[in-house]
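Trainee: Only the shape, not the letters, is given here:
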């Protein structure tokens, strides 16, 4: 791989079994609040792959343009494909550490205070409590969970009670799904990172990365942007929602929520069912989230080019806030580096695709 990458493989016990420098191709994606993935192909008869199985850990290292080497991805193998076409090969696919959250659900009965139902709680507190009591050391039937779910070596960062104040109801929901929904309105991002002896869930106030809007600028005249696109659409816009909570017929609890840009002349309505929500504030929070998902679209998108002065992994990383210049309106907007897909092709070329939000 021209010395740009190497892949470390660890068995389920954490013992390093291989350092691969000669895979046929390699692709991986790093994303905010999502697991991401690693996929690569190697010779199936490589001695270093003896005993390879799902559950093994993959660490991807890349040499950055400034000469330093960084561990950019950690993932668990969840798919192996052996095949023979001129030679025996194996394709290894692994999911990022956040995928551990998707293996648990909120296995607490409805309206269990501070377990499946949270009232006027900070988003960070909600997130860390959910992880602690569904994947961390407190995920036990002794504590009241419907089934034991504690993962050995999985810890939760100390709570700083950050983020927005919310009412949150999520009994039986997939843990990762509800955390992703929470992050949309909670005022922060989350991640799972390797620590000594295991893995730790963390919350990042504001955003996972660094605010680089004062130093990292993407613009046509800087040569680091191509194919800018600007879309304005109200086709699917909704700015008024009735949220239906507990109860039936005339006794059903409801809340009416309007978006900030609502007016009588532009009113576009929707209904949101929220029978799991127990409070009026909770209905309002659910309504605001629904309106946010259905707001008028104003999107400025562009392709990011790698340049000598603007390299992924050196000048910016996933989760960072950066500044972009919209050439159609001549305005500066703050965008988040949402994901990075790095591909090493069979012909030896390197391709980096960056998505912003």
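Mentor: Cool, got the structure. As the structure is a computational prediction, the values presented were derived from the model and not from experiment.

Trainee: Could you list the low-pLDDT ranges of the chain?
Mentor: Low-confidence segments of the chain (pLDDT under 70): 1-2.

Trainee: Please enumerate the helices of it.
Mentor: With DSSP state H, the ranges of helices along the chain come out as 123-132, 175-186, 280-293.

Trainee: Need the contact partners of the first one.
Mentor: Going back to what we said before, that points to helix 123-132. Outside helix 123-132, the residues within contact range by C-beta atoms under 8 Å, 6 or more residues apart in numbering are 101, 106, 114-115, 118, 138-139, 156-157, 159-166, 168, 170, 175, 178-179, 182-183, 185-188, 190, 201, 203, 205. Glycine gets a C-beta too; all of them are placed from N, C-alpha and C.

Trainee: are any of these buried, and which?
Mentor: Among those, those classed as buried by 16 or more other C-beta atoms under 10 Å are 101, 106, 115, 118, 138-139, 156-157, 162-163, 165-166, 168, 170, 175, 178-179, 182-183, 185-188, 190, 201, 203.

Trainee: Out of these, list just those in strands.
Mentor: Counted as lying in strands by DSSP state E, out of those, are 118, 156, 165-166, 168, 188, 190, 201, 203.

Trainee: and which of these is nearest to residue 264?
Mentor: Closest approach between those and residue 264, by C-beta to C-beta: residue 166, at 29.0 Å.

Trainee: So residue 353 is in contact with residue 337, correct?
Mentor: No. Taking contacts as C-beta atoms under 8 Å, residue 353 lies outside contact range of residue 337: 11.6 Å.

Trainee: Pick out whichever of these two has more residues nearby.
Mentor: A side-by-side neighbour count of residue 353 and residue 337, using other C-beta atoms under 10 Å, places residue 337 first with 26 against 13.

Trainee: Longest strand in the protein, by number of residues?
Mentor: Under DSSP E, the chain gives strand 69-84 as its longest strand.

Trainee: helices or strands up against it?
Mentor: Applying 3 or more C-beta pairs under 8 Å, 6 or more residues apart in numbering; DSSP states H and E, one finds that strand 69-84 contacts strand 25-31, strand 37-43, strand 57-63, strand 88-96.

Trainee: How about the longest one, which residues are buried there?
Mentor: For strand 88-96, a neighbour-count test (16+ other C-beta under 10 Å) marks 89-96 as buried.

Trainee: The closest residue in space to residue 36 that isn't next to it in sequence bridge partners, please.
Mentor: Spatial nearest neighbour of residue 36, chain neighbours left out: residue 96 (3.8 Å); criterion: C-beta to C-beta, 6 or more residues apart in numbering. With DSSP bridges as the criterion, residue 96 is bridged to residue 75.

Trainee: what's residue 96 in contact with, if anything?
Mentor: Neighbour list for residue 96: 30-31, 34-38, 73-75 [criterion: C-beta under 8 Å, 6+ apart].
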